[in-house]
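Novice: below is the sequence, then the predicted model.
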Amino acid sequence: MTAATSLREHTRAVLEARREDLIDLSHALHADPELAYEEHRSARRIADLVEAAGFDTERGAYGLPTAFRATAGSGDLVIGICAEYDALPGIGHACGHNVNGAAAVAAALALAPYADDLGITVKLLGTPAEESGGGKVDMLRAGAFDDVAAAMMVHAAPQDAVGMTSQAIGSWKVSYTGRAAHAAAMPERGVNAADALMIAQVAIAAHRQQMLPGAVVSGVVTHGGDAANVIPALATADYDCRAGTLDELRELQARVRACFEAGALATGAELALEAVGNDYADLRQDLDIARGYLAAARDLGRGIQDVAPTLRGGSTDMGNVSHLVPTIHPMIGYDSGDAVMHNPDFTRYGTTPQADRAVLDGGLAMAWTALGLATDTHHRTALLARRAARAPFSGPSPE
């Protein structure tokens with residue numbers, strides 16, 4: 001048995017011994033969903049578990065009450081493992097973040113006993129608000145990833161996938177302020193905020209023909225008036241802009257902003273655009289590290305065909321991490337019938353035996369990937385050199 005094979009078996013044994021704890025954690029997160037920046041109980045559950053396992057743990061890390069940092073080992077190669085645990089409004093863990101978070105804990109626990117022998121620091125980061133707000137971007141600004149040489153996580157999904165990209169996204173709250181007036185007796189005294197929003201929507205629709213492939217603008221009107229015989233003094237909407245890259249997102253946002261400004265100009269209403277949380281960058285996975293994960297997942301019997309850097313329609317704040325740190329974000333699959341993520345039907349599959357296996361397989365595949373990075377001289381040297389050469393995080397800021 002080679003040293004690498006022996007280490008793999010040791011890490012597998014660690015997870016077998018912690019199987020019940022990890023599955024209980026996944027199920028507890030699933031049963032008690034909490035929204036972005038409000039994940040107090042979820043963060044506490046994870047921090048309690050790893051602290052009891054000997055990790056040096058800081059709660060409320062990086063200025064975020066529901067973030068944490070937990071480390072084991074003191075090696076110069078810092079492996080950052082991101083735990084997500086926020087849920088969706090009304091439909092709970094319909095994106096499977098209970099699996100994501102528990103798998104991250106599994107990877108950290110598997111590596112911790114061997115961290116010093118491997119010359120690594122295992123850095124488990126509790127990253128709140130992926131669904132809305134972008135906690136990882138807040139943590140990047142606060143320096144959470146400055147010492148990290150490689151970052152990783154797995155994400156629940158209906159099927160396994162490795163190497164895919166995702167879209168950049170920015171979100172706005174839009175409001176027009178006009179002037180109310182009786183719609184029949186004195187309409188000339190009104191400034192119609194709903195008309196301003198309607199004109200903006202028409203302008204955005206007209207612009208779709210010129211949008212770059214893959215660009216998406218989606219929105220919903222949240223207020224359009226109070227009575228048919230009163231000219232609306234307030235109209236509000238929520239809008240998302242998505243594009244293939246961060247640069248393309250900036251271009252799209254500039255054009256969509258002009259469409260909203262057109263509504264204000266045409267009607268005389270006052271426009272306010274408020275950024276919602278952080279803009280998310282496109283995901284740029286490190287394909288060399290991804291191939292290591294692919295080999296590990298296949299060794300665990302998971303049927304992944306190949307590294308496939310294709311576009312995934314969603315967005316993630318792990319994209320921002322990937323612009324600074326060599327990163328992987330594979331999908332860890334389990335049977336969910338016909339349900340897809342962000343669908344309430346997907347929620348009920350999050351504690352099945354297949355989902356429990358995803359927790360353990362995802363954690364072990366990440367641990368084995370980290371073992372490969374630590375023991376392969378070429379990979380290790382390259383990662384340390386890239387970390388030493390890079391500048392601290394400096395963007396992006398919301399538009």
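Specialist: Everything's here; your move.
Novice: point me to the residue sitting farthest from the middle of this protein.
Specialist: The outermost residue of the chain, judged against the average C-alpha position, is Ala185 (51.8 Å), by CA atoms, centre = their mean.
Novice: now that residue: phi and psi?
Specialist: Dihedral angles of Ala185 (phi, psi; degrees, to the nearest 10) stand at phi -80, psi -40.
Novice: from Val230, how far out is it?
Specialist: Distance of Ala185 to Val230, given as CB to CB, to the nearest Å: 11 Å. All C-beta atoms are positioned from the backbone trio N, CA, C, and that covers glycine.
Novice: re the thing from before, which pLDDT does the model give the residue farthest from the centre of the chain?
Specialist: pLDDT, the model's per-residue confidence, is 96 for Ala185.
Novice: what distance separates the helix or strand hosting Asp21 from the centre of its chain?
Specialist: In this structure, Asp21 is located in helix 3-31 according to DSSP states H and E. In this view, helix 3-31 has its centroid 23 Å away from the chain centroid, taken as CA atoms, centre = their mean, to the nearest Å.
Novice: which residues of the stretch 201-350 of the chain fall in helices?
Specialist: Ranges of helices within the stretch 201-350 of the chain are 246-267, 287-299, 318-322, 344-347, based on DSSP state H, counting those that start in this stretch.
Novice: once you drop chain neighbours, what's closest to the residue nearest to the spatial centre of the chain?
Specialist: Centrality entry for the chain: nearest residue to the mean C-alpha point is Thr316, 3.5 Å, by CA atoms, centre = their mean. Closest residue to Thr316 apart from its sequence neighbours, by CB to CB, 6 or more residues apart in numbering: Ser166 at 5.5 Å.
Novice: the residue nearest to the centre of the chain and Ala104, how far apart?
Specialist: Counting by CB to CB, the gap from Thr316 to Ala104 is 14 Å.
Novice: check Ala196 too.
Specialist: Using CB to CB, we find Ala196 at a distance of 45 Å from Ala104.
Novice: burial count for the residue nearest to Val307 when sequence neighbours are not counted?
Specialist: Take Val307 and drop its neighbours on the chain: the residue closest to it by CB to CB, 6+ apart is Gly163, 3.8 Å away. The criterion is other CB atoms under 10 Å. On that basis, Gly163 has 23 neighbouring residues.
Novice: try Ala254
Specialist: Neighbours of Ala254 using other CB under 10 Å come to 11.
Novice: and it, what pLDDT?
Specialist: Looking at Ala254, its pLDDT is 98.
Novice: do Ala391 as well
Specialist: 82.
Novice: am I right that it is in a strand?
Specialist: No. Secondary structure of Ala391 (DSSP: H, G, I helix; E, B strand; the rest coil): coil, not part of a strand.
Novice: any idea how far Ala87 is from it?
Specialist: Ala391 sits 35 Å away from Ala87, taking CB to CB as the criterion.
Novice: where exactly do the strands run in the stretch 1-150 of the chain?
Specialist: Applying DSSP state E, counting those that start in this stretch to the stretch 1-150 of the chain gives strands spanning 56-59, 68-72, 77-83, 120-126, 150-152.
Novice: now the stretch 251-399 of the chain
Specialist: For the stretch 251-399 of the chain, the strands defined by DSSP E, counting those that start in this stretch occupy 270-275, 311-312, 327-328, 331-333.
Novice: give me the mean pLDDT for the last one.
Specialist: Meaning strand 331-333. Per-residue pLDDT values over strand 331-333 give a mean of 96.
Novice: packing partners for that strand?
Specialist: strand 155-157, helix 353-375 (3 or more CB pairs under 8 Å, 6 or more residues apart in numbering; DSSP states H and E).
Novice: list the buried residues for stretch 113-133?
Specialist: Of the residues in stretch 113-133, those buried under the neighbour-count criterion (16 or more other CB atoms under 10 Å) are 113-115, 118, 120-131, 133.
Novice: start and end of that stretch, how far apart?
Specialist: In stretch 113-133, first residue to last residue: 34 Å (CA to CA, to the nearest Å).
Novice: likewise stretch 125-133?
Specialist: Across its full length, stretch 125-133 reaches 17 Å end to end, with CA to CA as the criterion.
Novice: which residues does it contact?
Specialist: Taking contacts as CB atoms under 8 Å, 6 or more residues apart in numbering, the residues outside stretch 125-133 that touch it are 35-37, 39, 43, 46-47, 61, 64, 66-70, 80-88, 95, 97, 135-136, 138-139, 144-145, 276-278, 316-318.
Novice: and of the helices and strands packed on strand 331-333, who's closest to Arg179?
Specialist: Closest to Arg179 of the helices and strands packed on strand 331-333, according to CB to CB: strand 155-157, at 47.6 Å.
Novice: related to what we said a few turns ago, and the strands of the stretch 1-150 of the chain as a markdown table, adding mean pLDDT and distance to Ser218?
Specialist: What follows is those, written out as a markdown table (pLDDT from 0 to 100; distance: least, CB to CB, whole Å):
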| stretch | mean pLDDT | distance to Ser218 |
| --- | --- | --- |
| strand 56-59 | 98 | 36 |
| strand 68-72 | 98 | 33 |
| strand 77-83 | 98 | 27 |
| strand 120-126 | 98 | 30 |
| strand 150-152 | 98 | 29 |
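Novice: same list (those strands) but as TSV, adding distance to Arg18.
Specialist: Listed next are the strands of the stretch 1-150 of the chain as TSV, based on distance: least, CB to CB, whole Å:
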stretch	distance to Arg18
strand 56-59	17
strand 68-72	14
strand 77-83	15
strand 120-126	14
strand 150-152	19
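Novice: looking at the ones you listed, which is buried most?
Specialist: Across these, the average number of neighbours (mean count of other CB atoms under 10 Å) peaks for strand 150-152, which reaches a mean of 28.
Novice: ok, that strand: who's next to it in the sheet?
Specialist: Each strand that pairs with strand 150-152, with its direction, by DSSP bridges: strand 77-83 (parallel), strand 327-328 (parallel).
Novice: how far off centre is it?
Specialist: With CA atoms, centre = their mean as the basis, the mean position of strand 150-152 lies at 14 Å from the chain mean.
Novice: just stretch 78-95 next, same as before
Specialist: Using CA atoms, centre = their mean, the distance from the centre of stretch 78-95 to the centre of the chain it belongs to is 8 Å.
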